[in-house]
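Engineer: 3D, please:
(3 chains)
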Amino acid sequence: MNERDDLVLDVRDVRTTFLTPRGPVRAVDGVSMSLRAGETLGIVGESGSGKSVLGRTVMGLVSNSPTTTITGECRIAGLDVHALKPKDRRKLWGPEVAMVFQDPMTSLNPVKRVGTHLTEALRLHLGVSRKEADERAVDLLRQVFIPEPVRRMKQYPHELSGGMRQRVVIAMALACDPKLLIADEPTTALDVTVQKQILDLLATLAADRNMATILISHDLGAVEGRTDRVAVMYAGRTVETSQTSRVFNAPVHPYAEALLASIPRIDDAPHTVLRAIDGSPPNMLNPPEGCRFAPRCRFAVDRCHQESPELRELADGTADTHLGACHFPLLPARQEVS
Amino acid sequence: MAGSGTAHMRAEAGPVLAVDDMVVEFPVGRHQVVHAVSGLNIDLLPGETLGILGESGCGKSSAGRAIMQEPAPTAGSVLFAGEQLTGLKSRDLRRKRSKMQMIMQDPVSSLNPRRKVRDLVAEGLRIWGFDGDDMDAAIRETLTAVGLDPDSVWDRRPHELSGGQCQRVCIARALMMNPDVLICDEPVSALDVSVQAQILNLLERTKETYDLSMIFIAHDVSVVKNISDRVMVLYLGKTCEVLPSSDMHTRSVHPYTRTLIASIPGGEELASVDDPVTGPVVVDTPLVATATELPSPLNPPSGCRFRTRCPLATELCAAEEPQLREVGAGHFVACHHVAVS
Amino acid sequence: MRRISLRIGELIAVLFVVSFGVFAMVTLMPGDPAVAILGEGHPPQDYENLRQELGLNDGLLHRYWDWLSGAVTGDLGTSLVPPQTDVTERILGALPVSVELAVLGLVIALVLAIPLAMWSAAHAGGAIDRMISATMFATLSVPSFLAGLLLIMIFANGLGWFPRAQWVRISEDIPGNLHHALLPAIVIAMMELALFTRILRNDLIVTLNEDYILAARAKGMPPWRIMVTDALRPSSFSLVTLMGISLGRLIGSTVIVEYLFALPGMGSMIVTSANQGDYPLVQGAVLIVALVYVVVNAGIDLSYGYLDPRTRRVHA
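Structural biologist: Numbering: from 1, shown residues only, chains lettered A, B, ... in the order given. Predicted coordinates for the structure are as follows:
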């Protein structure tokens, strides 16, 4: 048996290019990753980092079209989603892979009842009777801790609060027991006290089902402590990836390090001057040459502006991998920890 | 709490801005009223930054707007630089208010997309008839002060700038009016993480340089703590707790403040430490979310408005609204279950 | 329930205003009804007597009140022009023809517009979309009399598939009636089709960009099913509104089509009677058209609640 066979997700050098009227945009530019059952991967990045496009490309929601070109391989259940016919690709969506979206206010159809949102996927993929689909839907609502599930089935999305709606979205994603769940900014639109509940719920459900999870977020705090591994993206590329604790405690890429340092911490004294990163994320219509972070990097030298660094192993000797894409990684900090 | 009171108001003279028992209500449909802000008291001393912390629906944005009289509060008064804004005629109000400027959440949509940066920055002064040769010099100086290169942004329009740059233009536009008070309503929540720190640092620096007092409204506990001297926690239009920001993560005692702190990463430990005032406060919200829904501001709970979600709630909380009481130096809490030492 | 009764109250108020407007306007039309009835060249006293008899010398409000109290009992007066038939009877003869034409026309337009709009929206910006949209605008720019003549020439005179210039009442022979109504209904449908397709296409494109469509796709739902079960209903507001307006408009103003096919509908009846100064008939007909208009649009308003549950008033 091939080692790749037991991977829930295997992505090799995927690139997603959108043809826009103002030129091609390489939203995802050569990303690889893989996930085993039960594993949780965090993808963090700012707007324009390509993290959401990556999530959608991996799943096949973004696919080849007159305005979109995808290269590389995205294997789910051993099948390359972009080589499949649309009809066969759709068969994966639900039973193999499912997605939780950012804004529960807009990701539920306002004219459909909660129950319909859940039962239609069950009936489509599992071919169960209406009655059984109803029973299963109620059970799903119970699993995401929605009180009075039977009554909720008949309600419309606008009758529920934001947190409740996100629970419905999660129930919807779980309906056909996917092996991989992609959560794209699942808490960004929610209140802080609700965010924690939703993240905890996702973690519990993933553990119970031994489900692989990708948690996409711009919020470093959401990813820390809730993922096994993390990939930091910048301008369409992975700049650093390793075990979550290693990235958070000893980042090797100057971007990851600066990003972590720029966030105010609750135990800092008031009026602590924050270590800001100069400039703003690059315009993806015209990304910088060489390392894309170079124009904002305080360590950048000529080589960084000319030569694009490969994502390479920087763990030197330890058992776990710690990959970084930097000519001059922050290794002293790393060694302190290891 | 989610209670009322004026205990936190400081007796010493000379607040630059004083809000007295402000109420903001909006009619909905024929017979219903949104109780956005219900009896808010604020005193802002010169050079001080007051952080207003709360989740969506707590009334923090309504409060900010009502201070600006946009729209004017339903009841209560706003005293700014010794003058009542609430009773002023439109023209006097606009003149007075130009010394109080607002920075909004979405910098891109708060700038007219068809105007150039130089006009955007100058428009406030032009409205009051200032113009002329010194104008360009003033615009350049202000743009430089907010960290923009005047030459490169001079003729640009908002869509040619990044979100962070737009927010800088907004700040420059506000500074041109030479304000005394800056009201910032979630000024960094629409920005990229890496850009937030730039704007927070800029606001801090600007406050010093331009001798400003600031009200900083946000939902992010760490951000509010970083920039504020004092923090006021709002819930459903009522004040829960007012305290110095320096030790808010360890000394806050109101169950709602504790819940907010517990929600941030690594906050669980902070929130469950034994507290000298209340003893251990348990804020581990159960997964069953019935109790964690924000009640409707159309029909807020009786007594303490937080009681429907509060782990400490008793009958007393439903019957009686807690008043703000002093529990430490500059630290006020509206909760029946916090013992006064 | 309370909402519906409130709605009916509003309706009655609107009808009251509309009926007065209709009455006043028609009364102010040029031409003397007495002359219309008697013809020219009678002694002045005859005209005066007739005016007296018809109540024309009473004040406007007085006459309106008389007319209205008749109207609510179904009595809209008598036609002035020989054979001086009962107005209500005339309208009851013409109205079904117009309603059938309008409804049939709209149904045909809708049946074609929905799939065309879906097809267009699904391929927005592509060749198919542009082709459909060009064809639609071409259809729209053809005047209806020309389209009607063409259809008559091809299908009635040339191929002989349809009869022309006849009308068979629906009560007499249903297949025969449809056979006769189809060609004029197609002409009417052609006028509405372009607009319907365009409006629905644009709204569908907006809806298809919504997150919930993406969420439905991510569940593995086939595109056609998403189009029908997720996108269509939230996209149909403008279309339904437009249909309500069209239905009202078509009932009173398909004159050209009625003339072309020699159909005894409301449009031609109103034009003829207006030319003859037959004001009771004009008043009655316009009132009925207005009534249909108001009722249909009230129905449309109520349908918004079905289309979007968010607009249903919450009883908190």
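
Engineer: for the stretch 1-150 of chain A, what spans make up the strands?
Structural biologist: A:7-20, A:23-36, A:40-44, A:68-76, A:79-80, A:97-100 (DSSP state E, counting those that start in this stretch).

Engineer: For chain C, which of the ones you listed is the nearest?
Structural biologist: For these, proximity to chain C was assessed by CB to the nearest CB; strand A:97-100 is nearest, at 4.5 Å. (Glycine included, C-beta is placed from N, CA and C.)

Engineer: pull the CA atoms of that closest one into CSV?
Structural biologist: What follows is strand A:97-100, C-alpha atoms only, in CSV (Å, rounded to 0.1, in the frame of the first residue of the first chain):
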residue,chain,number,x,y,z
VAL,A,97,-15.4,16.7,2.1
ALA,A,98,-17.6,19.6,3.4
MET,A,99,-17.2,23.2,4.1
VAL,A,100,-18.2,25.6,6.8
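
Engineer: Redo the strands of the stretch 1-150 of chain A as JSON lines? Include mean neighbour count.
Structural biologist: Below are these laid out as JSON lines (neighbours: other CB atoms under 10 Å in any protein chain shown):
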{"stretch": "strand A:7-20", "mean neighbour count": "18"}
{"stretch": "strand A:23-36", "mean neighbour count": "19"}
{"stretch": "strand A:40-44", "mean neighbour count": "27"}
{"stretch": "strand A:68-76", "mean neighbour count": "18"}
{"stretch": "strand A:79-80", "mean neighbour count": "16"}
{"stretch": "strand A:97-100", "mean neighbour count": "28"}
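
Engineer: Using a markdown table, lay out these together with distance to chain B.
Structural biologist: What follows is the strands of the stretch 1-150 of chain A, written out as a markdown table (distance: least, CB to the nearest CB, whole Å):
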| stretch | distance to chain B |
| --- | --- |
| strand A:7-20 | 15 |
| strand A:23-36 | 16 |
| strand A:40-44 | 9 |
| strand A:68-76 | 24 |
| strand A:79-80 | 33 |
| strand A:97-100 | 16 |
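
Engineer: Now stretch C:108-115: average pLDDT?
Structural biologist: Averaging pLDDT along stretch C:108-115 yields 94.

Engineer: Just the buried positions in that stretch, please.
Structural biologist: Across stretch C:108-115, burial judged by 16 or more other CB atoms under 10 Å in any protein chain shown covers C:108-110, C:112-114.

Engineer: same question, stretch B:19-35
Structural biologist: Applying 16+ other CB under 10 Å to stretch B:19-35 flags B:19-20, B:22-25, B:34-35 as buried.

Engineer: how near is the most centrally placed residue in chain A to chain B?
Structural biologist: Centroid check for chain A by CA atoms, centre = their mean gives residue A:216 as the closest residue, at 2.7 Å. As judged by CB to the nearest CB, to the nearest Å, residue A:216 and chain B stand 14 Å apart.

Engineer: Mind checking which of the buried residues of stretch B:19-35 land in strands?
Structural biologist: Counting by DSSP state E, the part of those found in strands is B:19-20, B:22-25, B:34-35.

Engineer: Does stretch B:174-186 reach chain A?
Structural biologist: No. In terms of CB under 8 Å from any CB of the partner chain, no part of stretch B:174-186 sits within range of chain A; the closest distance is 12.7 Å.

Engineer: Contacts only, for residue 22.
Structural biologist: All of this refers to chain A. Applying CB atoms under 8 Å, 6 or more residues apart in numbering or on different chains, we find residue A:22 in contact with residue A:285.

Engineer: hmm, I had chain C in mind actually
Structural biologist: C:283, C:286-287, C:290.

Engineer: And the helix or strand hosting the residue nearest to the centre of chain A, what does it pack against?
Structural biologist: Assigned by DSSP states H and E, residue A:216 belongs to strand A:212-217. Judged by 3 or more CB pairs under 8 Å, 6 or more residues apart in numbering or on different chains; DSSP states H and E, the packing partners of strand A:212-217 are strand A:7-20, strand A:23-36, strand A:40-44, helix A:51-59, strand A:180-184, helix A:192-209, helix A:220-223.

Engineer: Dump the ones you listed to a markdown table, plus mean pLDDT and distance to residue B:89.
Structural biologist: Formatted as a markdown table, the helices and strands packed on strand A:212-217 follow (pLDDT from 0 to 100; distance: least, CB to CB, whole Å):
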| stretch | mean pLDDT | distance to residue B:89 |
| --- | --- | --- |
| strand A:7-20 | 94 | 51 |
| strand A:23-36 | 93 | 53 |
| strand A:40-44 | 95 | 52 |
| helix A:51-59 | 95 | 50 |
| strand A:180-184 | 95 | 51 |
| helix A:192-209 | 89 | 41 |
| helix A:220-223 | 87 | 48 |
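
Engineer: okay if I get these as CSV plus distance to chain C?
Structural biologist: Listed next are the helices and strands packed on strand A:212-217 as CSV, based on distance: least, CB to the nearest CB, whole Å:
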stretch, distance to chain C
strand A:7-20, 12
strand A:23-36, 16
strand A:40-44, 17
helix A:51-59, 7
strand A:180-184, 9
helix A:192-209, 16
helix A:220-223, 20
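
Engineer: closest one to residue B:330 among these?
Structural biologist: helix A:192-209 (24.6 Å; CB to CB).

Engineer: And the next helix or strand past the helix or strand harbouring residue B:317?
Structural biologist: Using DSSP H and E, residue B:317 maps to helix B:315-319. With elements assigned by DSSP H and E, the helix or strand that comes after helix B:315-319 is strand B:325-328.

Engineer: Only the buried residues of that following strand, if you could.
Structural biologist: Quick answer for strand B:325-328 (16+ other CB under 10 Å): B:325, B:327-328.

Engineer: Closest to chain A out of these?
Structural biologist: residue B:328 (16.6 Å).

Engineer: Report the beta-bridge partners for the closest one.
Structural biologist: Bridge pairing for residue B:328 (DSSP bridges) gives the partners residue B:331.

Engineer: Check whether it really touches residue B:251, as I assumed.
Structural biologist: Yes. Counting by CB atoms under 8 Å, residue B:328 touches residue B:251, with 6.8 Å between them.

Engineer: will you turn the strands of the stretch 1-150 of chain A into TSV that also has distance to residue B:15?
Structural biologist: Below are those laid out as TSV (distance: least, CB to CB, whole Å):
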stretch	distance to residue B:15
strand A:7-20	52
strand A:23-36	51
strand A:40-44	42
strand A:68-76	58
strand A:79-80	67
strand A:97-100	47
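
Engineer: out of those strands, nearest to residue A:124?
Structural biologist: strand A:97-100 (12.9 Å).
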